[in-house]
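[1] here are the coordinates; sequence isn't available:
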């Protein structure tokens with residue numbers, strides 16, 4: 001049969017392995033986002049301060065993660081960091097470290113932009129009420145900034161999920177790596193299996209990312 005290659009999905013435990021690989025991708029993405037968003041919020045607030053040295057350092061930090069390709073960053077963290085600093089973490093936690101630092105850099109710029117977009121009258125009103133800088137950020141600036149930064153944050157989350165496909169380069173058994181192994185193991189029996197495996201992986205990523213992308217577009221449209 002022309003379409004018999006689809007059977008590769010149901011051969012043995014192939015389908016379960018693909019879902020297990022997808023879970024690894026999701027787990028790394030979610031943990032990295034949680035850590036990165038927390039760090040990014042702190043860095044973003046610091047970038048709005050008047051200390052030029054801190055702002056310069058954080059700007060360099062941001063530019064480093066924007067310039068260095070993610071695949072190079074994964075190699076640096078997985079191969080160079082353990083040898084240089086004798087860090088004996090698993091590949092999964094090395095990936096979380098790399099993604100968290102990347103997310104923190106990107107999100108710091110989102111937070112900075114959102115905070116600077118809050119009308120100055122809001123800041124002046126808070127100061128006029130006698131709020132301290134900490135109270136001003138907590139009760140006035142951050143709540144308003146969250147609404148402004150939400151679409152960009154969702155788009156960042158979709159990028160992180162998609163970029164987990166690069167984790168195969170450091171031997172993490174995420175969904176792409178699992179799919180490649182299944183293709184190689186079943187290449188003779190199912191010559192067209194590559195189409196069905198990668199097609200199924202595409203559907204999985206689409207199911208994860210499209211609702212987030214649509215949500216971000218609706219939020220952006222509602223603001224305009």
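    Thanks, I have the structure now. Note that the structure is predicted; figures quoted are calculated from it, not measured.
[2] and the one helix or strand residue 222 maps to, how far from the chain's centre?
    Assigned by DSSP states H and E, residue 222 belongs to helix 193-223. When C-alpha coordinates are averaged (CA atoms, centre = their mean, to the nearest Å), helix 193-223 and its chain have centres 15 Å apart.
[3] give me the helices and strands touching that helix, please.
    helix 14-46, helix 142-163, helix 175-185 (3 or more CB pairs under 8 Å, 6 or more residues apart in numbering; DSSP states H and E). Quick note: C-beta positions are derived from backbone N, CA and C, even for glycine.
[4] that helix to helix 142-163, inter-axis angle?
    Relative orientation of helix 193-223 and helix 142-163, computed by axes from the mean of the first three to the mean of the last three CA atoms, to 10 degrees: 160 degrees.
[5] picking up where we left off before, of all the helices and strands packed on helix 193-223, which lies closest to residue 70?
    Of all the helices and strands packed on helix 193-223, it is helix 142-163 that lies closest to residue 70, at 5.5 Å by CB to CB.
[6] other residues contacting that closest one?
    Residues from elsewhere that reach helix 142-163 (CB atoms under 8 Å, 6 or more residues apart in numbering): 25-26, 29, 32-33, 37, 70, 99, 102-103, 106-107, 110-111, 113-115, 117-118, 122, 205, 208-209, 212-213, 215-217, 219-220, 223.
[7] if we go to 7 Å?
    With CB atoms under 7 Å, 6 or more residues apart in numbering as the contact definition, helix 142-163 has outside contacts at 29, 32-33, 70, 99, 103, 106-107, 110-111, 114-115, 117-118, 122, 205, 208-209, 212-213, 215-216, 219-220.
[8] likewise stretch 77-84?
    In contact with stretch 77-84 (CB under 7 Å, 6+ apart) are residues 87-88, 91, 94, 97-98, 170.
[9] now that we have the residues you listed, which one has the most neighbours?
    residue 98 (24 neighbours; other CB atoms under 10 Å).
[10] can I get the contacts of stretch 77-84 in JSON lines including pLDDT?
    JSON lines is the format used below for the contacts of stretch 77-84 (pLDDT from 0 to 100):
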{"residue": "87", "pLDDT": "78"}
{"residue": "88", "pLDDT": "82"}
{"residue": "91", "pLDDT": "89"}
{"residue": "94", "pLDDT": "92"}
{"residue": "97", "pLDDT": "94"}
{"residue": "98", "pLDDT": "94"}
{"residue": "170", "pLDDT": "88"}
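[11] returning to what we had before: could the helices and strands packed on helix 193-223 go into CSV alongside mean neighbour count?
    Listed next are those as CSV, based on neighbours: other CB atoms under 10 Å:
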stretch, mean neighbour count
helix 14-46, 19
helix 142-163, 18
helix 175-185, 19
